[in-house]
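Student: next input, structure requested:
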Amino acid sequence: MIDIPKWHEFMKPLLEVLKENGEMSRQEAVEAVVQKVGLTPEQLAEVQVSDSKSKARARVGWASSYLRVAGALSGPRRGYFALGPNAETLLNLGRPIKRADLTGFKEWMEHEANKAQQSIANSESEETNDLEDDTPEDLIDRGIKRLRTQLISDLLEQVKGITPAAFEGLVLQVLAKMGYGGGDVKQIQGVPRGPDGGIDGKINEDKLGLDQIYIQAKRYSENSVGRPTIQSFVGAMSGGGCKKGVFVTSSTFTSEAKSFAAGLTDVRLVLIDGVRLAKLMIEHCVGVQVKETIQVAKIDQDFFSGEY
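Tutor: Modelled structure (predicted):
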C-alpha cells in the first residue's frame with residue numbers, strides 16, 4: 001500500500017489551489033488538493049479506524065486547521081476557504097511547508113498563549129502526581145479534559161473567523177438549544193439588529209412569552225468589551241422593559257465590565273465570553289459532532305456473586 005502524505009505535506013498544495021482559484025468551498029478545495037497531489041484510488045480508499053472516513057481528506061482538513069490558526073487561511077463565509085494574510089509568506093518559501101514554519105506568526109503565538117492559559121485554568125492539582133499513582137480511569141479522565149481544552153481552543157478560533165452574520169446565527173442556535181423561545185430557533189430568528197448589524201433586541205424566555213430577555217451579540221476578534229458598552233446595554237434593557245439580559249461576545253470582557261455587571265441589583269445580566277460560548281456550543285452540540293464513543297467495560301460483581 002502506498003503511504004498517504006502527512007497532514008503538513010498538504011499545506012502547500014492547499015494554498016496553491018486557493019491562489020489559483022480564489023475563494024473555494026471546503027469540499028471543492030479538498031478535491032482540488034486531491035487532484036493536485038495525484039492521490040491514487042488506493043490512497044483515497046484508505047479510511048480512519050475511528051470514523052471510517054477518508055484518511056487523506058481528513059489530513060487535508062487538518063492542514064486547513066493549522067493554516068487557519070497561523071493566519072494563512074481564512075473563512076470568508078461558512079464552509080469556504082480563502083487565502084489569509086500570511087499565505088504569501090509561506091508560498092514564497094519555495095519548498096514544502098512544515099509545522100515549524102507556522103509557529104513564528106503572531107496569530108499562531110496568540111493561539112498557543114490562549115491555549116496555555118485555558119490549560120492552566122482547567123488543570124487540577126493531581127496533574128503534578130506521578131502517572132504511577134493514577135488509575136486507568138484517572139488517565140482516561142485526564143485525556144478527556146485535555147481533548148476538551150484543545151477543542152475549546154480550536155472552536156474559539158473557528159468562531160472568531162466566521163462572518164458577523166454567521167456568528168449571530170450561531171448564537172441564536174445556542175440559545176434555542178438552551179431552551180429560549182421554547183427551544184425553537186425559528187421563534188427567535190426575528191430578533192432585531194442594532195445599528196452595527198449585531199443582534200440587539202428581546203427574545204421570549206419560553207414558548208408562551210411569559211418573560212423576556214434582552215440580548216446582544218457581538219463578534220470581535222481582538223477587542224475586549226468594556227464597561228461603557230455594558231452600561232449602554234443595561235440602559236437598552238431598561239428602555240425595553242427587561243429585567244434580564246444576556247451579552248454574548250466572541251472575545252472577552254474587561255475586569256471593569258465584569259465588576260459592573262456583577263454589581264447590578266435592579267436587573268440580572270449574564271456575560272458570555274468566547275470561552276464560555278465555546279463550552280456552551282460543546283454542551284449543546286452546536287458546531288461540533290461526536291467523533292466516536294468509547295465503551296469501558298468492567299467486571300459485574302453482582303453477576304459473579306450469584307449461585308448457579
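Student: what's the first-to-last distance across stretch 68-78?
Tutor: Using Cα to Cα, to the nearest Å, one end of stretch 68-78 lies 14 Å from the other.
Student: would you map the helices across the stretch 51-200 of the chain?
Tutor: Secondary structure of the stretch 51-200 of the chain (DSSP state H, counting those that start in this stretch): helices at 55-69, 87-91, 106-122, 136-161, 164-177.
Student: so which of the ones you listed comes closest to residue 29?
Tutor: helix 55-69 (7.6 Å; Cβ to Cβ). Quick note: C-beta positions are derived from backbone N, CA and C, even for glycine.
Student: ok, residue 29 - contacts?
Tutor: Contact partners of residue 29, counting by Cβ atoms under 8 Å, 6 or more residues apart in numbering, are 14, 17-18, 60, 64, 81.
Student: which one (most neighbours) among those?
Tutor: When neighbours are taken as other Cβ atoms under 10 Å, the top entry among the contacts of residue 29 is residue 14 (27 neighbours).
Student: show me what contacts residue 282?
Tutor: 148, 151-152, 155, 288.
Student: buried ones in the helix or strand it falls within, by neighbour count?
Tutor: Taking DSSP states H and E as the criterion, residue 282 maps to helix 274-283. Neighbour-count burial for helix 274-283, counted by 16 or more other Cβ atoms under 10 Å, picks out 274-275, 277-281.
Student: also stretch 36-44?
Tutor: Under the neighbour-count criterion of 16+ other Cβ under 10 Å, stretch 36-44 has 37, 39, 43 buried.
Student: in helices, which of these appear?
Tutor: 37, 43 (DSSP state H).
Student: reformat the buried residues of stretch 36-44 as CSV; add pLDDT and distance to residue 210.
Tutor: Shown next, in CSV, are those (pLDDT from 0 to 100; distance: Cβ to Cβ, whole Å):
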residue, pLDDT, distance to residue 210
37, 92, 58
39, 90, 58
43, 88, 59
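Student: residue 57 contacts residue 30, doesn't it?
Tutor: Yes: using Cβ atoms under 8 Å, residue 57 makes contact with residue 30 at a distance of 5.4 Å.
Student: who has more neighbours, the two?
Tutor: Taking neighbours as other Cβ under 10 Å, residue 57 and residue 30 compare with residue 30 leading, 24 against 18.
Student: quick one: contacts for the residue nearest to the more buried one when sequence neighbours are not counted?
Tutor: The shortest distance from residue 30 to any non-neighbouring residue, by Cβ to Cβ, 6 or more residues apart in numbering, is to residue 60 (4.9 Å). Residues in contact with residue 60 (Cβ under 8 Å, 6+ apart) are 7, 10, 14, 29-30, 33-34.
Student: give me that answer again for 7 Å
Tutor: 10, 14, 30, 33 (Cβ atoms under 7 Å, 6 or more residues apart in numbering).
Student: my read: residue 164 touches residue 219, true?
Tutor: Yes: between residue 164 and residue 219 there is a contact under Cβ atoms under 7 Å: 4.8 Å.
Student: who has more neighbours out of those two?
Tutor: Taking neighbours as other Cβ under 10 Å, residue 164 and residue 219 compare with residue 219 leading, 23 against 17.
Student: what is the burial count for the closest residue in space to the more buried one that isn't next to it in sequence?
Tutor: Excluding the flanking residues, the one nearest residue 219 by Cβ to Cβ, 6+ apart is residue 167, at 3.7 Å. By other Cβ under 10 Å, the residues close to residue 167 number 23.
Student: repeat that for residue 32.
Tutor: 19.
Student: cool, and residue 59?
Tutor: Residue 59 has 20 nearby residues by other Cβ under 10 Å.
Student: what's the answer for residue 296, then?
Tutor: For residue 296, using other Cβ under 10 Å, the count is 7.
Student: related to what we said a few turns ago, quick one: which of the contacts of residue 282 is nearest residue 255?
Tutor: Once Cβ to Cβ is applied, the member of these that ends up nearest residue 255 is residue 152, at 21.3 Å.
Student: settle this for me: the closest one is touching residue 278, isn't it.
Tutor: Yes: Residue 152 is within contact range of residue 278, at 4.6 Å (criterion: Cβ under 7 Å).
Student: circling back to that earlier point, reformat the contacts of residue 29 as JSON lines; add distance to residue 261 and pLDDT.
Tutor: Converted to JSON lines, those look like this (distance: Cβ to Cβ, whole Å; pLDDT from 0 to 100):
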{"residue": "14", "distance to residue 261": "42", "pLDDT": "96"}
{"residue": "17", "distance to residue 261": "46", "pLDDT": "96"}
{"residue": "18", "distance to residue 261": "42", "pLDDT": "95"}
{"residue": "60", "distance to residue 261": "43", "pLDDT": "91"}
{"residue": "64", "distance to residue 261": "37", "pLDDT": "90"}
{"residue": "81", "distance to residue 261": "38", "pLDDT": "91"}
